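# starting from these lines, generate the structure:
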Amino acid sequence: MRFAERPRGVFDVVVALFVALLLISNVSAVKLIQFGPEWTPFGIPVLPLITDGGAFLFPLTYVLGDVLAEVYGLKGARRAIVLGFAVSILASVTFLAVGAAPAAAEWPNQEAFTAVLGFVPRIVAASLLGYLAGQFLNAWVLVAMKRRSHDGSLWARLLGSTVVGEAADTVIFCVVAFAGVVSGATLLNYIAVGYLYKVLVEALFLPVTYRVIAMVKRREPSYGRLA
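Presented below is the predicted three-dimensional model:
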């Protein structure tokens, strides 16, 4: 019997995790959530903190994005990003088609289905625009800093790329996803909390990211042979 040879590297595993986290986060982001009591000093709504359900897993996509860009370069990171959004777009089209299909007479949840999953395409569109800008900036900054430092200062590359990438991602996503849905004050709160949270999570995960990158480099037989 003849079979294709299974790739020896771990690229496919990292990409699979990346796509799964992105898809789950896009669906979870439909729900806005808040933490803390109401606090508006000088009329500025500081509390509650507003974020969305995607906050639980989405920052991890940037961790994996750093791994892909650091180990496989812009080409590898770009491939994962495109694949992730292709799957998200497929999910959006499927949700729209299922929502438009006639519901069974005895099924009472059509409005709930449409209200939740019918909003996913807008979330995916916002995520696509924000993440493409943010993740490509993240990957570009990381690779550019890597070339300038000749593989040194990994910690600085990871944090610097996150600060730039997350800024673009967060602003674009929040505005496209929820402008006109929530008030301007809530939207500003949402943007600020989202940006600071994502940067903080990646900063806290830097030791983990560092070790994962080192592990992937050791297990990837092609690392170091590609320019």
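# just the buried residues of the helix or strand encompassing R148, please?
Using DSSP states H and E, R148 sits within helix 120-149. For helix 120-149, a neighbour-count test (16 or more other Cβ atoms under 10 Å) marks 120-143, 145-146 as buried. To be clear about C-beta, it is placed using only N, CA and C from the backbone, and glycine gets the same treatment.
# worst-scoring helix or strand of this protein, pLDDT-wise?
Ranking every helix and strand in the chain by mean pLDDT, DSSP states H and E puts helix 120-149 at the bottom, with a mean of 82.
# what helices or strands is the next helix or strand after it leaning on?
Where DSSP H and E defines the elements, the next helix or strand beyond helix 120-149 is helix 154-178. Judged by 3 or more Cβ pairs under 8 Å, 6 or more residues apart in numbering; DSSP states H and E, helix 154-178 is in contact with helix 58-100, helix 120-149, helix 184-204, helix 206-219.
# can you tell me what sits against helix 154-178?
29, 32, 62, 65-66, 69-70, 122-123, 125-127, 129-131, 133-135, 137-139, 141-142, 145-146, 149, 187, 190-191, 194-195, 198-199, 202-203, 206, 209-210, 213 (Cβ atoms under 8 Å, 6 or more residues apart in numbering).
# mind running it again at 6 Å?
For helix 154-178, contacts defined as Cβ atoms under 6 Å, 6 or more residues apart in numbering pick out 66, 123, 126-127, 129-131, 133-134, 137-138, 141-142, 145-146, 190-191, 194-195, 198-199, 202, 206, 209.
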